[in-house]
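Undergrad: below is the sequence, then the predicted model.
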Amino acid sequence: MDSNDDGIGDLKGIQAKIPYLKELGIDFIWLNPIYQSPNVDNGYDISDYQAINPEFGTLEDLKELIQLAHNNQIKLIMDLVINHTSDQHPWFLESKKSKENPYRDYYLWADASPEKMPNNWQSFFGGSTWTYDSSTKQAYFHVFAKEQPDLNWKNPAMRKDIYQMIRWWLDFGIDGFRLDAISHIQKQPWDFKITDNPWAPFMNVAGIETYMAELKEIFRSYNIMTVGEASGVSSKSAALWTDPEDGYIDMIFELEHQVRTGEPGYEIGSLPDFKKVLSRWQKDLQPNGWNALYIDNHDNPRSNSIFGNETNESATALATAYLLLRGTPFIYQGQELGMTNFPFESIDELRTTESLQTYHDWLNKGLSQNEALRLTTHWTRDHSRTPMHWTELGGFSTNQPWMKLNTNTDRINVAIQQANPTSPFNYYKKLITLRKSLPVFTSGSYQIALAKHPSVWAYTRKDETNEVFVLTNLSEKEQTVTLPNYWTNPNDSFEVLLTNYPNTTWQKKLILRPYEAIVVKK
Ligand code: TEU
Ligand code: CA
């Protein structure tokens, strides 16, 4: 929400929407990076950790927001981006000056020549992980864009400065962090050879435990919540990372369930993988770990478009499937309305560096502009970054917003959905209330049912007092299922707790309507 008519959402805008968040029923807010930044990667390139980007407001505005949130029993966590900084951060500006500079070893440098980089590793955003610097005849290392040099975690002086910054924020009064790209802070030696996974040299590499243990020390001395974005940490080791007794952090975002299949430009979300992966994470973290649950975020297209068919039913079925799992559910802005992918028509409508880079790569390979645009936009992060829809005309700003509004604000907006009892928004409210009403949804065990079904995801949650069956048809076709006897025995009574269709039935042989979801308690 933009409060000062410059087309950019800001802290005062969020303040104005606290009542909305309260009504939805959430307990905390995670803010994407709002620090001082040249914005090469939507704020994930920080040039001053202790300053707010003026586009979003001031430290004072943030204090006010935290106060207001707390008054409404809502907590606030911030993104903590410590794998890398911006190349405009004072540390890097110093580091670049000479090999002798005291900040040289805050980053990773190695001898190189313009023709020969230290090794052939590839960055996440495409191209080498190395960028050559002619003045010192060395190259610096970056797993993301060249404007995001990686910090050297082996350097205790660097770590000390980072830890001081972390404490500064916790003393400021925030309630925790989402640790960005945290599994990449340790790297293999430069002569490590890439095998089948091009990113293996910086995915949860041994030695990371030392740094995580130091971070844990700090986190454990505050009453806060931490969630790590930790791709490459397997579901087995995630249980150790998030063990309530002595884990490093409280929970982990895995990236595996976002599997896509197909050629670039034709990829689809893989429902069988979605179900299989999330089930494995439920199982492996069951004894002592904890999951962070999500279907949408700022790095992926909208779930209602890649797994759903952009209807209210698919939005609510997907919501039911993931929000009742064991873990802490996250809802990405607009997901609760069933917001959809954006119909990109021109490259000017895109914002992320990664996508612009991909587009130019396709053009360089000789593709037409149209074809390059299609291949780029099919799975761009920008789908999820368009402004939130408050009213029929958008209502995000009185000015032209920083990214175009989607074209379906008339159907998908807060005002209309608040007034309609069967809207995705009101369904999310019910779902959140339901989740909070029975402890079984928090701490009960997870067991998959109908495991082999290609498009129905069903599972049970169980504790000493309650047993619940969650049944979702995640396809746009009717699906016939045969339920276990235990769940349909005529001698037992079954209560439908929630459903996204009228006139639900519950019997052994059931024909599920497209994207139908039913939650039943025994
Ligand atoms: O994303 C990180 C990210 O996508 C990688 O860590 C991931 O492990 C890799 O792509 C493997 O699939 C975070 C932010 O969410 C993203 O917006 C930023 O661009 C990125 O870090 C850099 O800070
Ligand atoms: Ca603004």
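TA: Thanks, I have it. Ligands and ions are numbered 1, 2, ... in the order given.
Undergrad: grab the longest helix from the chain for me.
TA: Identified as the longest helix of the chain according to DSSP state H is helix 156-172.
Undergrad: what is the helix or strand following that one packed up against?
TA: Using DSSP states H and E, the helix or strand that directly follows helix 156-172 along the chain is strand 176-179. Helices and strands touching strand 176-179, by 3 or more CB pairs under 8 Å, 6 or more residues apart in numbering; DSSP states H and E, are strand 75-80, strand 225-229. Bear in mind the C-beta positions are built from the backbone N, C-alpha and C, glycine included.
Undergrad: including mean neighbour count, mean pLDDT and distance to ligand 2, could the ones you listed go into JSON lines?
TA: Listed next are the helices and strands packed on strand 176-179 as JSON lines, based on neighbours: other CB atoms under 10 Å; pLDDT from 0 to 100; distance: least, CB to the ion, whole Å:
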{"stretch": "strand 75-80", "mean neighbour count": "20", "mean pLDDT": "98", "distance to ligand 2": "19"}
{"stretch": "strand 225-229", "mean neighbour count": "23", "mean pLDDT": "98", "distance to ligand 2": "27"}
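Undergrad: export the ones you listed to CSV and tack on distance to residue 519?
TA: Converted to CSV, the helices and strands packed on strand 176-179 look like this (distance: least, CB to CB, whole Å):
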stretch, distance to residue 519
strand 75-80, 27
strand 225-229, 26
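Undergrad: out of the ones you listed, nearest to ligand 1?
TA: Comparison of those against ligand 1 by CB to the nearest ligand atom identifies strand 225-229 as nearest, at 5.8 Å.
Undergrad: okay, now the residue of the stretch 151-300 of the chain found nearest ligand 1: neighbour count?
TA: With CB to the nearest ligand atom as the measure, residue 231 is the residue of the stretch 151-300 of the chain nearest to ligand 1, at 3.3 Å. Per other CB atoms under 10 Å, the neighbour tally for residue 231 reads 19.
Undergrad: likewise residue 27?
TA: Residues near residue 27, counting by other CB under 10 Å: 12.
Undergrad: for residue 248, see how far away it is.
TA: Taking CB to CB, to the nearest Å as the measure, residue 27 falls 22 Å from residue 248.
Undergrad: with residue 19 instead?
TA: Per CB to CB, residue 19 is found 35 Å from residue 248.
Undergrad: for ligand 1, what are the nearby residues on this protein?
TA: In this structure, the chain approaches ligand 1 at residues 41, 44, 81, 124, 144, 180, 181, 229, 231, 255, 298, 299, judged by CB under 6 Å from any ligand atom.
Undergrad: what pLDDT does the residue in the stretch 101-250 of the chain positioned nearest to ligand 2 get?
TA: Proximity of the stretch 101-250 of the chain to ligand 2 (CB to the ion) peaks at residue 174, 21.2 Å away. With respect to pLDDT, residue 174 scores 98.
Undergrad: surely it touches residue 69?
TA: No. With contact defined as CB atoms under 8 Å, residue 174 does not count as touching residue 69 (10.1 Å).
Undergrad: would you mind listing the residues touching both of these two?
TA: Counting by CB atoms under 8 Å, 6 or more residues apart in numbering, the contacts common to residue 174 and residue 69 are residue 76.
Undergrad: neighbours of whichever residue of the stretch 1-150 of the chain sits closest to ligand 1, just the number please.
TA: Distances between the stretch 1-150 of the chain and ligand 1 by CB to the nearest ligand atom are smallest at residue 44, namely 3.3 Å. Neighbourhood size, residue 44 [other CB under 10 Å]: 24.
Undergrad: tell me which residues touch it, please.
TA: With contact taken as CB under 8 Å, 6+ apart, residue 44 is in contact with 33, 37, 79, 81, 144, 148, 180.
Undergrad: so how far is residue 85 from it?
TA: For residue 44, the distance to residue 85 - CB to CB - is 10 Å.
Undergrad: now the common contact residues for these two.
TA: With CB under 8 Å, 6+ apart, residue 44 and residue 85 have common neighbours residue 148.
Undergrad: what pLDDT does the residue of the stretch 51-200 of the chain found nearest ligand 2 get?
TA: Of all residues in the stretch 51-200 of the chain, the one sitting closest to ligand 2 is residue 55 (6.7 Å; CB to the ion). For residue 55, the pLDDT comes out at 98.
Undergrad: just the element for it, please.
TA: Counting by DSSP H and E, residue 55 is found in no helix or strand.
Undergrad: for it, list the residues it contacts.
TA: 6, 8, 10.
Undergrad: how about residue 479?
TA: By CB under 8 Å, 6+ apart, the neighbours of residue 479 are 453, 455, 456, 473, 511, 512.
Undergrad: close enough to count as contact, the first one and residue 481?
TA: Yes. Residue 453 lies in contact with residue 481 (CB under 8 Å); the separation is 6.8 Å.
Undergrad: give me the distance between the longest helix of the chain and the centre of its chain.
TA: Computed by CA atoms, centre = their mean, to the nearest Å, the chain-centroid distance of helix 156-172 equals 24 Å.
Undergrad: over to stretch 493-510?
TA: Chain-centre distance of stretch 493-510: 32 Å, with CA atoms, centre = their mean.
Undergrad: using CSV, list the CA coordinates for it.
TA: The C-alpha coordinates for stretch 493-510 follow below in CSV (Å, rounded to 0.1, in the frame of the first residue of the first chain):
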residue,chain,number,x,y,z
SER,A,493,-19.8,-39.8,13.5
PHE,A,494,-18.0,-37.4,11.3
GLU,A,495,-18.1,-33.7,11.3
VAL,A,496,-17.3,-31.5,8.3
LEU,A,497,-15.2,-28.7,9.7
LEU,A,498,-14.6,-26.8,6.4
THR,A,499,-15.3,-27.1,2.7
ASN,A,500,-15.0,-24.8,-0.3
TYR,A,501,-18.2,-26.1,-2.0
PRO,A,502,-21.8,-26.1,-1.0
ASN,A,503,-23.6,-29.4,-0.3
THR,A,504,-20.7,-31.6,0.6
THR,A,505,-21.2,-35.3,1.1
TRP,A,506,-19.0,-37.7,3.1
GLN,A,507,-19.1,-41.4,2.2
LYS,A,508,-16.8,-44.2,1.2
LYS,A,509,-17.0,-43.6,-2.6
LEU,A,510,-16.8,-39.9,-3.2
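Undergrad: that stretch - what's its average pLDDT?
TA: Per-residue scores along stretch 493-510 average to 96.
Undergrad: need the phi and psi values for residue 128.
TA: When read as degrees, to the nearest 10, the backbone of residue 128 gives phi -60, psi 150.
Undergrad: typo on my end, it should be residue 448
TA: Per-residue torsions, residue 448: phi -70, psi 150 (degrees, to the nearest 10).
Undergrad: ok, it - contacts?
TA: By CB under 8 Å, 6+ apart, the contact set of residue 448 is 275, 279, 282, 458, 459.
Undergrad: so the last one lies in a strand, does it not?
TA: By that I understand residue 459. Yes. Residue 459: assigned to a strand according to DSSP: H, G, I helix; E, B strand; the rest coil.
Undergrad: mind listing what it touches?
TA: 279, 282, 325, 446, 447, 448, 449, 469, 470.
Undergrad: residue 312 versus the first one, what's the distance?
TA: Applying CB to CB, the value for residue 279 to residue 312 is 26 Å.
Undergrad: between the two, point out the one with more neighbours.
TA: Shown here are residue 279 and residue 312; by other CB under 10 Å, residue 312 has more neighbours (22 against 18).
Undergrad: would you mind measuring from that one to ligand 1?
TA: Using CB to the nearest ligand atom, to the nearest Å, we find residue 312 at a distance of 28 Å from ligand 1.
Undergrad: which residues touch that residue?
TA: Counted by CB under 8 Å, 6+ apart, residue 312 has contacts 338, 422, 423, 424, 427, 500.
Undergrad: could you point out which element follows the helix or strand hosting residue 436?
TA: Per DSSP H and E, residue 436 falls inside helix 424-437. Per DSSP H and E, the first helix or strand lying C-terminal to helix 424-437 is helix 440-443.
Undergrad: so for that following helix, what's the average pLDDT?
TA: 97.
Undergrad: the chain should start at 728 in everything you say after this.
TA: Sure, I'll start numbering at 728, so the last one becomes helix 1167-1170.
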